[in-house]
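# only geometry, no sequence info:
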């Protein structure tokens with residue numbers, strides 16, 4: 001009985017290993033680069049990087065637009081105008097102590113863009 005169990009277990013391990021190796025090989029051979037999409041992204045990244053510290057909330061609206069969701073005066077999520085899946089979280093320094101947003105609030109930090117599904121209110 002133990003021999004049958006050992007042979008069955010060994011057979012399962014060999015089959016799983018063979019499938020894993022084949023899947024890995026297939027995944028590598030199926031890797032193709034879409035040059036058109038890659039070229040588009042190469043154009044997008046410099047466009048987004050034109051937004052940076054010292055700019056105002058008003059100035060970033062040339063490249064980005066606000067996304068749905070909650071905002072604070074000190075931080076907001078923005079999306080690239082031509083593809084709302086490309087996002088950045090922008091940190092602001094308010095220009096005064098008012099409670100409402102000002103288009104003149106200054107950007108103090110803008111981390112690297114990231115991809116994420118759309119958020120809607």
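Yep, that arrived. These figures come from a predicted structure and were not determined experimentally.

# rest of the way, CA atoms for contacts and neighbours
Fine.

# Check the offset of stretch 43-62 from the chain's centre.
Stretch 43-62 sits 17 Å away from the centroid of its parent chain (CA atoms, centre = their mean, to the nearest Å).

# List the buried residues of that stretch.
Of the residues in stretch 43-62, 44, 48, 51, 52, 55, 56, 57, 59, 60, 61 count as buried by neighbour count, 16 or more other CA atoms under 10 Å.

# Equivalent analysis for stretch 111-121, please.
Going by 16+ other CA under 10 Å, stretch 111-121 has these buried residues: residue 113.

# Show me the shaky parts of this protein.
The chain contains residues with pLDDT under 70 at 1-30, 120-121.

# who's in contact with the closest residue to residue 89 other than its chain neighbours?
Nearest non-adjacent residue to residue 89, counting by CA to CA, 6 or more residues apart in numbering: residue 77, 4.5 Å away. Counting by CA atoms under 8 Å, 6 or more residues apart in numbering, residue 77 makes contact with 66, 67, 71, 87, 88, 89, 90.

# What distance do you get for the residue lying closest to residue 110 once chain neighbours are set aside to residue 32?
Take residue 110 and drop its neighbours on the chain: the residue closest to it by CA to CA, 6+ apart is residue 90, 4.8 Å away. Applying CA to CA, to the nearest Å, the value for residue 90 to residue 32 is 34 Å.
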